[in-house]
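In: The following comprises the amino acid sequence and a computationally predicted model.
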Amino acid sequence: MPNVVNTAAGYGSLSTGIFNGEAWSTLMNWKFYEQSLVRAITNSRWEGEVKQQGTVNIRNRLDISVNPYQRGAKINYQELTDTLVQLKTDQAELAAWSVDEIDLNQTNMDIQKELTFDASQMVSDAVDINVLANIYSDATSSITQSVINKVNVLEWLAIAYRKLSKLKVPKRGRWAVLPPEIIELISISDLKNASLSGHGSTIIDGIALNGKIKMKVAGFDIYESNNIATVASVFRCVAGHPTAVAFANSFQKSKKIDLIDSVGEAIQSLNVYGFKTTKADALVDMPATT
């Protein structure tokens, strides 16, 4: 539709002056995606074996008892029974769409390339949602549901840190996944200036790619995510260590299909994966409201 510049009352102009053309941009408008964090908070130790077999039986280390020794005393031998957990690639996410042949040929961009990129981002988002919705309930430790504010948010994180320490979880690599509402409270808490903990920038300045704050808060690498599970308006925040959850991609496959009942082509994009809490001691369930 032609653009007409406003004119003063009583002013006349040639009709040819209003017929400037229209353009269809080859650049699509911005779309914002949640940054995937599953790989950052899990481990892929058994991914190679899962890809070969589909299911991997993981044996837990045994607990050997140690007792005081007295010379001449009868030795009692401990009978051992092992336990295991199974990692299966039993989860799948699918994106499937079709484009009419006329649209494919008359568009001025590679529309399938754009749609494939969008699908890959949305599949990653679905995987994050699935993992975060399930692992918090596996945690050995939990914190009583709390109303979090700028005064108690650091204490809340410190309690989670202590619970992991009591179970001897390694300190290096500990993480916490929190919604934007709680990240906001950290940013206005007593730790709002990161220099209080030896850093030269504020927490807000430290927010980086992948939703990660480039500093530790109460000993945790902090990740921000909108994909935190919400149950009855309660955020099911979770903290832990990468050893807690094993993750594996079995395969990712995209296939182009010529449509049968119309003229055009369809794309199927399938991602098959699995995850399993293999070390529940390394997770803390942190239900919270704000």
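Out: Looks like it arrived, so ask away.
In: Please count neighbours and contacts with C-alpha atoms only from this point.
Out: Noted.
In: in this structure, which spans are strands?
Out: For the chain, applying DSSP state E gives strands covering 55-59, 84-88, 91-100, 141-142, 146-147, 175-178, 212-217, 220-224, 230-231, 234-240, 245-258, 264-277, 283-289.
In: weakest of the ones you listed in terms of mean pLDDT?
Out: Summarising mean pLDDT across the strands of the chain, the least confident stretch is strand 212-217, with a mean of 65.
In: Tell me how many other residues crowd I41.
Out: A total of 22 residues lie near I41 under the criterion other Cα atoms under 10 Å.
In: so what's the residue lying closest to it once chain neighbours are set aside up against?
Out: Once flanking residues are discounted, I41 sits nearest to P242: 5.0 Å by Cα to Cα, 6 or more residues apart in numbering. Residues near P242 by Cα atoms under 8 Å, 6 or more residues apart in numbering: 40-43, 173-175.
In: 7 Å instead, please
Out: Residues near P242 by Cα atoms under 7 Å, 6 or more residues apart in numbering: 41-43, 173.
In: A244 too?
Out: The contact partners of A244, taken as Cα under 7 Å, 6+ apart, are 42, 277-280, 282-283.
In: same check, this time on L94
Out: Taking Cα under 7 Å, 6+ apart as the criterion, L94 is in contact with 269-271.
In: From the residues you listed, pick the one nearest D128.
Out: The shortest approach to D128 among those belongs to N271, at 12.8 Å (Cα to Cα).
In: which residues touch stretch 218-236?
Out: Judged by Cα under 7 Å, 6+ apart, the contacts made with stretch 218-236 from elsewhere in the structure are 128-129, 132-133, 136, 154, 157-158, 161, 174-180, 183, 211-213, 215-216, 237, 285-289.
In: Kindly state the pLDDT recorded for the residue positioned nearest the centre of the chain?
Out: Taking Cα atoms, centre = their mean, the centroid of the chain lies closest to L37, which sits 3.5 Å from it. Per-residue pLDDT puts L37 at 92.
In: going forward can the numbers begin at 122, since that is how I track them
Out: Happy to do that; since the first residue is 122 now, the last one works out to L158.
In: What distance do you get for it to D249?
Out: The spacing between L158 and D249, counted by Cα to Cα, to the nearest Å, is 7 Å.
In: Equivalent analysis for E222, please.
Out: When distances are taken as Cα to Cα, E222 and D249 turn out to be 34 Å apart.
In: hmm, back to that, tell me the two of the contacts of P363 that are most distant?
Out: Top of the distance list for the contacts of P363 (Cα to Cα): N164 and G294, 11.3 Å.
In: Go through the biggest helix by length in the chain and flag the buried ones.
Out: Secondary structure of the chain read by DSSP state H shows that its longest helix is helix 232-256. Going by neighbour count (16 or more other Cα atoms under 10 Å), the buried part of helix 232-256 is 233, 237, 240-241, 243-254, 256.
In: how far off strand 385-398 does it point, in degrees?
Out: For helix 232-256 against strand 385-398, the angle by axes from the mean of the first three to the mean of the last three Cα atoms, to 10 degrees is 20 degrees.
In: Quick one: mean pLDDT for helix 232-256?
Out: The average of the pLDDT scores along helix 232-256 is 94.
In: what's it packed up against?
Out: When contacts are defined as 3 or more Cα pairs under 7 Å, 6 or more residues apart in numbering; DSSP states H and E, helix 232-256 sits against none of the other helices and strands.
In: Noted, bye for now.
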